[in-house]
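Enquirer: got a predicted model here, sequence first, then my questions.
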Amino acid sequence: MRETTLRACTDLQALGGAYAEQIPTLRALIDGRTTAVIGDDRWHTPARALLAVERQRLRLDVTLM
């Protein structure tokens, strides 16, 4: 899993911008430098940020009424 994440970081760096901004947090996760308190969902913030950027890029954001 570590090698896959490192490859993903390389790809994110190539994309730049909001994608590359998540690299330090992803590296902290794979290096075990991120604490995960039970019930604290902040550890998956980089994934949520990347999903949001992709949704925006693909124009998938739909406003619910």
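Expert: Received, thanks.

Enquirer: where does this protein have low pLDDT?
Expert: Scanning the chain for pLDDT under 70 picks out 62-65.

Enquirer: quick one, helices of this structure?
Expert: 2-15, 17-20, 23-30, 45-57 (DSSP state H).

Enquirer: as a markdown table, those helices with distance to Ile38 and mean neighbour count would be great.
Expert: Where you see a C-beta, it was placed from the backbone N, CA and C, and this is true even at glycine. Listed next are these as a markdown table, based on distance: least, C-beta to C-beta, whole Å; neighbours: other C-beta atoms under 10 Å:
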| stretch | distance to Ile38 | mean neighbour count |
| --- | --- | --- |
| helix 2-15 | 23 | 12 |
| helix 17-20 | 30 | 14 |
| helix 23-30 | 17 | 16 |
| helix 45-57 | 17 | 14 |
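
Enquirer: and of those, who's closest to Ala36?
Expert: helix 23-30 (9.0 Å; C-beta to C-beta).

Enquirer: which other helices and strands does the closest one contact?
Expert: Counting by 3 or more C-beta pairs under 8 Å, 6 or more residues apart in numbering; DSSP states H and E, the packing neighbours recorded for helix 23-30 are helix 2-15, helix 45-57.

Enquirer: check the offset of the longest one from the chain's centre.
Expert: Taking C-alpha atoms, centre = their mean, to the nearest Å, one finds helix 2-15 lying 11 Å from the centre of the chain it belongs to.
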